[in-house]
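[1] Pasted the sequence and its predicted model underneath.
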Amino acid sequence: MAKAPARDYNTDIVLVDIISFTKLTPEQQLELIEYLTLTFTRMLEKLLSNSDMHLSQMVLGFISTGDGFYCILNPRMKGFGTILGLSFNHFSELISEKFPYFKGIRIAVHTGRVYEFIDILGHKNYIGDGLNHCARYLEHKDYTISTVFISKSAYASLKKFLDLYPDFEALLLEQEFKRSRLQTFKDKHENSWSGYLVWLRKGSVINPPNLKFNSLLFDKD
């Protein structure tokens, strides 16, 4: 019997990494990862509720990395990954207020290809160069808190997304969206990578698009 072709997607990948996670005690690691998971889950639930969407309409899946996670967006949401990364970054301020030992998170966003497969537990999982390339952008040494590093392909996807949803372009301007000059660096294998640091001067959590455009912003409280 012929093997079914792999399901592959070209989409946005958001990688969240907890800074200095391995330097924490096991108790602190567990406490922090549980709270971060709970907080981001509630944030996503609110985003989806405000936009009248199901989780699968926004996200294909999540992959734990131990000290963070990959969030793989539904291809129909390609371009929203940068905005979601900025929202994750802003919401992490709540965690900083609760845990003094929390040093913040680093976030990278990349548009690339992933392949879906069924893992040993029977769950959907993902592999592919898109994930590997996204991880390389966390090696950018000029990363600063409150910024997100996005690849050139992620920035191209963002621009296409904003063309489709001009309300979001106006919202980003209102929130004072900023982008650095093109940053080029080498990873530990001496391979070159390029992208941009982006940030919002007025930090916000921004809902995904929907036909009714219900409340683009929501209060984190």
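    Cool, the structure landed. Numbers count the residues shown, from 1 in each chain.

[2] any idea how far the lengthiest strand in the chain is from the chain center?
    In the chain, with assignment by DSSP state E, the single longest strand is strand 105-118. With Cα atoms, centre = their mean, to the nearest Å as the basis, strand 105-118 stands 9 Å off its chain's centre.

[3] Just the buried residues of it, please?
    Buried residues in strand 105-118, defined by neighbour count with 16 or more other Cβ atoms under 10 Å: 105-112, 114, 116. All C-beta atoms are positioned from the backbone trio N, CA, C, and that covers glycine.

[4] what's across from R179 in the sheet?
    V198 (DSSP bridges).

[5] Now for it: which residues touch it?
    Applying Cβ atoms under 8 Å, 6 or more residues apart in numbering to R179 gives the contacts 155, 196-198.

[6] I'd like the distance between the nearest residue to G128 once chain neighbours are set aside and D129.
    Counting by Cβ to Cβ, 6 or more residues apart in numbering, V114 is the residue found nearest to G128 once chain neighbours are left out, at 4.0 Å. Per Cβ to Cβ, to the nearest Å, V114 is found 8 Å from D129.

[7] For stretch 153-165, which residues meet the burial criterion?
    For stretch 153-165, by 16+ other Cβ under 10 Å, it's 153-155, 157-158, 161-162, 165.

[8] Between the residues you listed, which sits nearest T11?
    Taking Cβ to Cβ as the measure, T11 lies nearest S157 of the buried residues of stretch 153-165, at 8.6 Å.

[9] mind checking which helix or strand the closest one is in?
    Under the criterion of DSSP states H and E, S157 resides in helix 152-164.

[10] Which strands and helices lie in contact with the helix or strand following that helix?
    Remark: after helix 152-164, the chain's next helix or strand is helix 166-174, criterion DSSP H and E. Counting contacts by 3 or more Cβ pairs under 8 Å, 6 or more residues apart in numbering; DSSP states H and E, helix 166-174 packs against helix 152-164.

[11] who does the helix it packs on touch, helix- and strand-wise?
    Using 3+ Cβ pairs under 8 Å, 6+ apart, helix 152-164 sits against helix 81-98, strand 105-118, helix 166-174, strand 192-200.

[12] what's the angle between that helix and helix 166-174?
    Helix 152-164 runs at 110 degrees relative to helix 166-174, counting by axes from the mean of the first three to the mean of the last three Cα atoms, to 10 degrees.

[13] and the angle for helix 152-164 with strand 192-200?
    40 degrees.

[14] Alpha carbons of helix 152-164, as PDB, please.
    Presented in PDB, the C-alpha positions along helix 152-164 are these (Å, rounded to 0.1, in the frame of the first residue of the first chain):
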ATOM      1  CA  LYS A 152      12.900  38.600   6.100                       C
ATOM      2  CA  SER A 153      10.200  36.000   5.000                       C
ATOM      3  CA  ALA A 154       8.200  36.800   8.200                       C
ATOM      4  CA  TYR A 155       8.300  40.500   7.400                       C
ATOM      5  CA  ALA A 156       7.200  39.900   3.800                       C
ATOM      6  CA  SER A 157       4.300  37.800   5.200                       C
ATOM      7  CA  LEU A 158       3.400  40.600   7.600                       C
ATOM      8  CA  LYS A 159       3.300  43.200   4.700                       C
ATOM      9  CA  LYS A 160       0.900  40.900   2.700                       C
ATOM     10  CA  PHE A 161      -1.300  40.500   5.800                       C
ATOM     11  CA  LEU A 162      -1.500  44.200   6.300                       C
ATOM     12  CA  ASP A 163      -2.500  44.700   2.700                       C
ATOM     13  CA  LEU A 164      -5.400  42.300   3.300                       C
END
